[in-house]
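Undergrad: Build the 3D model from these lines:
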Amino acid sequence: MQNNNPLIVQSDKTLLLDVHAPHADECRDALIPFAELERSPEHLHTYRLTPLSLWNAASAGFTARDTIAVLEKYSRFDMPQSVSAWIFETAERFGKLRLIPSGNESYLYLVTDSERIYKELCANTALQKLLITGNMQTNALATHAKTCGMKNAGNAHARADTCTPQFSFLIKLTDRGTVKQELLKAGWPVKDDVPLADGEELEITLRKTTSAGVPLVVRDYQTRAALSLVGNKGAGTGFGTIVLPCGAGKTIVGMKIMELLKTSTLIVTTNITAVHQWITELLDKTNLTKNQIAEYTGEEKTIACVTVATYQILTWRPEKDGQYPHFSLFRKRPWGLIIYDEVHMLPAPIFRVVAELQAVRRVGLTATLVREDGCEGYVFSLVGPKRYDVPWKELEKSGWIATAECIEVRVDLSSKAELDYAVAAPRTKHRIASENPVKDKIVKEIVDRFPDDKILVIGHYIKQLENLAKILNAPIITGRTPVTERDNIYADFRSGNVHVLVVSKVANFAIDLPDASLAIQVSGTFGSRQEEAQRLGRILRPKERMSRFFTLISRGTVEEDFGANRQKFLAEQGYSYRIIRYRDEHDFDELPQVQEMLR
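TA: Alright, predicted model coming up:
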């Protein structure tokens, strides 16, 4: 036992980090490659070891022995033997299955050295349609050779027999991602050793100064993030996910990767406003010209060596069960890099095409890999493992993102609303609680108390937001707001002509409002931690003043339960929050605890 050590390793595979112990910061940095941060309140931070976290580490060259060495070095007590054994058994699964070239451009080999693993996969019904075994391998290669008019196609059987690894499957190139996805479900992560194809060359460099003459500084962590993906440009690098807080400059990281790879790039993001922001940033901070950058959206469909598109246009189809006509964009040019902005939002139809695009270098950018549907593993297998991650509080401490205070205000329902709530269906209960009219008075009071802040009022229900916009005499942006009008309102907010803006969930993602310093959340999407991360992120751009994040909750309703789930994200990232409760909506102006909080 070493009492001064900061880490406690528990048999349930959780790790407790005492942030006040010596070497705690050093230990935290050492845990990042292989452990997932679950909670980071004031004194003890909780990490968890998971198969996915260990496979992420293994894909980056961090072995089971490296993991155990870190845990033993910083552990306060002897590490449970069962945890050591589990780490070895789990981590060693990575690399047991490998994808390698087959010598045929349309097929790849999935190989293993283990007969047991080979037979297990042969018996997996979900994989039987994807894996070609035995004589079918030679038949497939010979048929392809004959179809392509290769000379000596008749000898293809003999060549395949001599070259085929002993325990191997042949897979179609287009099934590369799907096979990885299915194998991850079966507990077998694949090491992809197939070299990535080089795309069309593009000379792109970051400017020394922006177009406004401001020096462009790429921060150290942004450079490290970019290098973590690019690596040596060989097998095992060139694909993955980078996790950085909102406001930490993920767009700069994307542009730095483009500079390092110097290749034609497709950027896919969440909405047209984000498309325009990417184009503005590229013109402002790189040597690219207007005719080298294209927009592919519902409004304009052009293609250039750098093309910025939305997920929405790519997932549009004229009929419910029809084809996705715009998927062809992924094949319109020899892309050398695809950037998936806000990759945690990657819609299910896009997963299909991403599964095919495994020969292209690709990066996912996100503030959080949390997905309420549990599909984080899809991002791992199809886009790539997490390559870089920095805790939010670490960047706050360094001054790269704003300091934030989180406050929850709990209010009672009116007598009538309580009766309506009592007899309502579960989904209706959420709406009644969310649209509690008492919240309107609190929003107005908060806005009046902070006249010098730039304020975002954020919610889920449009009728509620429209009413608040009238009360506050503020512009409103929803999904129905035309893009031009939306961009003009955002511009007025940035310039200071507007200091209060009411927004629906369309503003959750990829919106750059650098001076926003106060957010009031009046309703949300059923307790989504992902949404909480994005909404907090709207106010985390570095600034002189402290940022404040208010959440209004109807007391004694399902909103409390959903709010508790959302707060998990705040706790995970180290944000403490205060809870303010008042009982009588009619006496709001006289409540001392609320007045003190608002002062």
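Undergrad: quick one: buried residues of the helix or strand hosting F88?
TA: Element membership of F88, judged by DSSP states H and E, is helix 81-91. Applying a neighbour-count criterion of 16 or more other C-beta atoms under 10 Å, one finds 83-84, 86-87, 90-91 buried in helix 81-91. Placement of C-beta: from N, CA and C, glycine included.
Undergrad: Now flag whichever of those is closest to T481.
TA: Proximity of those to T481 was ranked by C-beta to C-beta; the top entry is T90 with 48.1 Å.
Undergrad: Does the closest one touch S53 like I think?
TA: No - using C-beta atoms under 8 Å, T90 is not in contact with S53; the gap is 9.5 Å.
Undergrad: okay, and the common contacts of these two?
TA: Taking C-beta atoms under 8 Å, 6 or more residues apart in numbering as the contact rule, T90 and S53 have no neighbour in common.
Undergrad: quick one on the thing from earlier: distance between the helix holding F88 and the chain's centre?
TA: 28 Å (C-alpha atoms, centre = their mean, to the nearest Å).
Undergrad: Same question for stretch 99-117.
TA: On C-alpha atoms, centre = their mean, the centre of stretch 99-117 falls 30 Å from that of its chain.
Undergrad: What of stretch 455-468?
TA: In terms of C-alpha atoms, centre = their mean, the centre of stretch 455-468 is set 25 Å apart from its chain centre.
Undergrad: Buried residues, it. List them.
TA: Within stretch 455-468, the residues scored as buried using 16+ other C-beta under 10 Å are 455-460, 464-465, 467-468.
Undergrad: Show me which positions of stretch 167-183 end up buried.
TA: Those would be 167-173, 175-183, for stretch 167-183 by 16+ other C-beta under 10 Å.
Undergrad: likewise stretch 464-481?
TA: In stretch 464-481, counting by 16+ other C-beta under 10 Å, buried: 464-465, 467-469, 472, 474-478, 481.
Undergrad: hmm, back to that, in JSON lines: the buried residues of helix 81-91, plus distance to K320.
TA: Formatted as JSON lines, the buried residues of helix 81-91 follow (distance: C-beta to C-beta, whole Å):
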{"residue": "V83", "distance to K320": "49"}
{"residue": "S84", "distance to K320": "52"}
{"residue": "W86", "distance to K320": "45"}
{"residue": "I87", "distance to K320": "46"}
{"residue": "T90", "distance to K320": "41"}
{"residue": "A91", "distance to K320": "43"}
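Undergrad: Let me have the residues you listed in TSV, extended by pLDDT.
TA: Output for the buried residues of helix 81-91, formatted as TSV (pLDDT from 0 to 100):
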residue	pLDDT
V83	96
S84	96
W86	96
I87	96
T90	95
A91	94
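Undergrad: Tell me the one of the residues you listed nearest Q128?
TA: For the buried residues of helix 81-91, the residue nearest Q128 by C-beta to C-beta is T90; the value is 25.9 Å.
Undergrad: can you pull the contacts of the closest one?
TA: 51, 54-55, 64.
Undergrad: In helices, which of those fall?
TA: Secondary structure from DSSP state H places 51, 54-55, 64 of the contacts of T90 in helices.
Undergrad: So of those, which two are at opposite extremes in space?
TA: The span of those, defined through C-beta to C-beta, is set by P51 and A64 at 12.1 Å.
Undergrad: of those two, who's got more company?
TA: The residue with more neighbours, out of P51 and A64, is A64; 20 against 17, by other C-beta atoms under 10 Å.
Undergrad: Is the more buried one in contact with G95, as I believe?
TA: No - A64 is beyond contact range of G95, at 11.0 Å (criterion: C-beta under 8 Å).
Undergrad: circling back to that earlier point, pull out the buried residues from the next helix-or-strand element following the helix holding F88.
TA: Sequence order places strand 97-101 as the next helix or strand after helix 81-91, per DSSP H and E. Buried residues in strand 97-101, counted by 16+ other C-beta under 10 Å: 97-100.
Undergrad: Return the alpha-carbon coordinates of strand 97-101 using PDB.
TA: Provided in PDB are the C-alpha atoms of strand 97-101 (Å, rounded to 0.1, in the frame of the first residue of the first chain):
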ATOM      1  CA  LEU A  97      -8.400 -10.600 -36.400                       C
ATOM      2  CA  ARG A  98      -6.700  -8.600 -39.100                       C
ATOM      3  CA  LEU A  99      -7.700  -7.200 -42.500                       C
ATOM      4  CA  ILE A 100      -5.000  -7.500 -45.200                       C
ATOM      5  CA  PRO A 101      -4.900  -7.000 -49.000                       C
END
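Undergrad: strand partners of it, parallel vs antiparallel please.
TA: Taking DSSP bridges as the criterion, strand 97-101 forms sheet pairs with strand 107-111 (antiparallel), strand 190-192 (parallel).
Undergrad: quick one on the thing from earlier: nearest to N291 among the buried residues of helix 81-91?
TA: For these, the minimum distance to N291 (C-beta to C-beta) is 48.8 Å, reached by A91.
Undergrad: Tell me how far the closest one lies from S84.
TA: In this view, A91 and S84 are 11 Å apart by C-beta to C-beta, to the nearest Å.
Undergrad: same question, T251
TA: Using C-beta to C-beta, T251 is found at 41 Å from S84.
Undergrad: Next: D492.
TA: 59 Å.
Undergrad: low pLDDT regions in the protein?
TA: 1, 134-164, 232-236, 347-353, 355-356, 369-377, 507-514, 526-545, 563-576, 582-599 (pLDDT under 70).
Undergrad: Apply 50 and report the result again.
TA: For the chain, applying pLDDT under 50 flags the ranges 150-162, 234-235, 527, 584-595, 598-599.
Undergrad: Could you pull up the residues touching A197?
TA: Applying C-beta under 8 Å, 6+ apart to A197 gives the contacts 334, 336, 359-360.
Undergrad: Under a three-state scheme, what state does it occupy?
TA: Look at A197: counting by DSSP: H, G, I helix; E, B strand; the rest coil, its state is coil.
Undergrad: Right, I'll call it a day here.
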